[in-house]
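Engineer: got a predicted structure here, sequence first:
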Amino acid sequence: MQITAAIDEGIATLTVTTVSNSSLLQVNDAGHLADDLEQFLTDPDADAIDRHYRVVPRDFGVSVQTDKGRFMLPWRHIMTAVNGLRA
């Protein structure tokens, strides 16, 4: 599994690629998404975040949810996403 994240003009794109497929989720107004994701590394029991998107903690990581879909981000890949969004 490979996860990538990038942001351009406030729109984040999260992509997961596995051996058999690839999927992505675009997150609008995502200027705070990197900080929101990183918060759960320091406090995994933090409350869900509600902006133009939702970040909800789960046992295995976090769920990033928009009106267009959701993206499951395992704990071990959160910093990869955070670093990609901050690059």
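Structural biologist: Thanks, I have the structure now.
Engineer: can you tell me the SS state at the spatially most central residue of the chain?
Structural biologist: By C-alpha atoms, centre = their mean, the mean C-alpha position of the chain lies nearest to V64, the distance being 5.2 Å. What DSSP: H, G, I helix; E, B strand; the rest coil gives for V64 is strand.
Engineer: now it: closest residue in space that isn't a chain neighbour?
Structural biologist: Across the structure, with C-beta to C-beta, 6 or more residues apart in numbering as the measure, the residue nearest V64 apart from its sequence neighbours is F71 (4.5 Å). The C-beta positions use only the backbone N, C-alpha and C, and glycine is treated the same way.
Engineer: L33 touches I7, doesn't it?
Structural biologist: Yes. Assessed by C-beta atoms under 8 Å, L33 is found in contact with I7 at 7.3 Å.
Engineer: who's sitting farthest from the centroid in the protein?
Structural biologist: When distances are taken from the C-alpha mean of the chain, S20 lies farthest, 21.1 Å away, according to C-alpha atoms, centre = their mean.
Engineer: right, I'll leave it there.
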